[in-house]
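# Sequence isn't available, so here's the structure alone:
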């Protein structure tokens, strides 16, 4: 019984120390992307360890061509592992990966339907000192496992996010 209690206390202490050492624990805001499936996303980021964070996005987008007007709703989740950059407080780079799903409503049948993809991600994250604001810039080249239309990958997925930290 003493071992179980000691293990529980150790886990709680490690978790608290991990959160205390990061620049922020949670952040909520928005992300602007360059793809048709997530032009704008609500963004939530939470640190689960000192260097490790999860980012969740719920986005909307679309595209309009002569023959196709599409509205897209998407969701994505990514793990990001952070590393400090020099001695600049709050400035980190990260790498990781995630997955995304979307559903497109289109007046062109070939582009209507469900899509699912995976992506590596990398970027920089800066928690501005003395104000509760975090900004990040990232790249997420997406490889579609399934997608309507002729797309099997999208390499130009760049984004910029601004989030309120708490």
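The structure has been received and is ready for your questions. These numbers come from a predicted model, not from an experiment.

# beta partners of the closest residue to residue 38 other than its chain neighbours?
Leaving aside its chain neighbours, residue 38 sits nearest to residue 59 (3.5 Å; criterion: Cβ to Cβ, 6 or more residues apart in numbering). Yep, even glycine has a C-beta here, placed from its N, CA and C like the rest. Beta-bridge partners for residue 59, by DSSP bridges, are residue 41, residue 74.

# isn't there a helix covering residue 110?
Yes. Counting by DSSP: H, G, I helix; E, B strand; the rest coil, residue 110 falls inside a helix.

# Surely it touches residue 148?
Yes. The criterion here is Cβ atoms under 8 Å, and residue 110 meets it with residue 148 at 6.6 Å.

# And the two? Which one has more around it.
Shown here are residue 110 and residue 148; by other Cβ atoms under 10 Å, residue 148 has more neighbours (19 against 11).

# Isn't the more buried one up against residue 116?
No. Look at residue 148 against residue 116 with Cβ under 8 Å: they stay out of range, at 10.9 Å.

# show me where the chain has strands.
26-33, 40-47, 52-64, 69-84, 91-106, 113-128, 133-139, 142-146, 153-154, 158-165 (DSSP state E).

# The second one - contacts with which helices or strands?
Using 3 or more Cβ pairs under 8 Å, 6 or more residues apart in numbering; DSSP states H and E, the elements in contact with strand 40-47 are strand 26-33, strand 52-64, strand 69-84, strand 158-165.

# Please apply the same query to the shortest one.
Using 3+ Cβ pairs under 8 Å, 6+ apart as the contact criterion, the neighbours of strand 153-154 among helices and strands are strand 142-146.

# Quick one: mean pLDDT over the strand it packs on.
Averaged over strand 142-146, pLDDT sits at 91.

# Looking at the helices and strands packed on strand 40-47, which is nearest to residue 130?
Between residue 130 and the helices and strands packed on strand 40-47, the shortest gap by Cβ to Cβ is with strand 158-165, which sits at 11.6 Å.

# what's the angle from the closest one to strand 40-47?
60 degrees (axes from the mean of the first three to the mean of the last three Cα atoms, to 10 degrees).

# quick one: strands adjacent to strand 158-165?
Counting by DSSP bridges, strand 158-165 is paired with strand 26-33 (antiparallel), strand 133-139 (antiparallel).
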